[in-house]
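Student: Fold the stuff below for me.
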Amino acid sequence: MDTPLEIAWHDVEKSEQLETRIRARVDKLHRYFSHITSCHIVVERPHRSQHHGKEFHLRIEVRVPEHEIVISGDPGDRRDHFDPNLAVRDAFDAMERRLEAHSQKIRGNIKTLSGPPQAIVVRKFDGYGFARMSDGQEIYFAPNAVLNEGFDALSVGAPVELTVAEGEGAMGPQASMVRPISAVSLEAERREEV
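Tutor: This is a model prediction of the structure:
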């Protein structure tokens, strides 16, 4: 790294054990992209109302030549993020996927599919969800992107077809269209790939 790692602690007491874990995960990021110029991490526990717990949030900003890749918030199951180690694990797993995708894009190793990409809905929250494609990449989607019966009818584990938007939003790659499909369609696509 050209610039030393920066770790900031907001509304949470600094932990040597957690800092050691974060530094170890940062050291492994070079496996996914060889020239990382800087990395800034914020560990925080935002203030919430009495009805919500205080889950940990991690923001990772990685700068590479001509790009900045950001993982913000808690990209996993929020109930798990009362444990800071799980918040670190989920955030770094997401950053590794993003760095690997960026590296493949630069090398031109992006897969071409015969039709629209297909995925499985892996998480659904109030007002947004995530679908995982066969390569492990997770795509964010908003309710207004879901066709047919809509967002409310979509369940975790449901197969979908996606149209991925150009560029990335705050939550990473984003779908501009999500269309529920049958499980048979998804299995046929997987057999064709083999």
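Student: Every contact and neighbour count from this point should use C-alpha atoms.
Tutor: OK.
Student: Helices of this structure, residue ranges please.
Tutor: 16-28, 84-107, 183-193 (DSSP state H).
Student: quick one: which of the ones you listed is nearest Ser134?
Tutor: Proximity to Ser134 (C-alpha to C-alpha) singles out helix 183-193 among the helices of the chain, at 8.4 Å.
Student: Which stretches in the chain count as strands?
Tutor: Taking DSSP state E, the strands of the chain run over residues 6-10, 38-44, 57-64, 67-71, 118-125, 128-133, 138-141, 159-169, 172-180.
Student: one step back: export the helices of the chain to TSV and tack on distance to Ile120 and mean pLDDT?
Tutor: Formatted as TSV, those follow (distance: least, C-alpha to C-alpha, whole Å; pLDDT from 0 to 100):
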stretch	distance to Ile120	mean pLDDT
helix 16-28	28	94
helix 84-107	17	86
helix 183-193	9	54
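Student: Determine which stretch of the ones you listed is the most buried.
Tutor: Highest mean neighbour count of these: helix 84-107, a mean of 18 (counted as mean count of other C-alpha atoms under 10 Å).
Student: re earlier: distance to Phe56 for the helices of the chain - can I get that in a markdown table?
Tutor: A markdown table is the format used below for those (distance: least, C-alpha to C-alpha, whole Å):
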| stretch | distance to Phe56 |
| --- | --- |
| helix 16-28 | 12 |
| helix 84-107 | 6 |
| helix 183-193 | 35 |
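Student: Low-confidence stretches in this protein?
Tutor: Low-confidence segments of the chain, defined by pLDDT under 70: 46-54, 73-81, 109-115, 184-194.
Student: Tell me how it divides into domains.
Tutor: Following automatic domain parsing, the chain resolves into domains at 6-107, 118-193.
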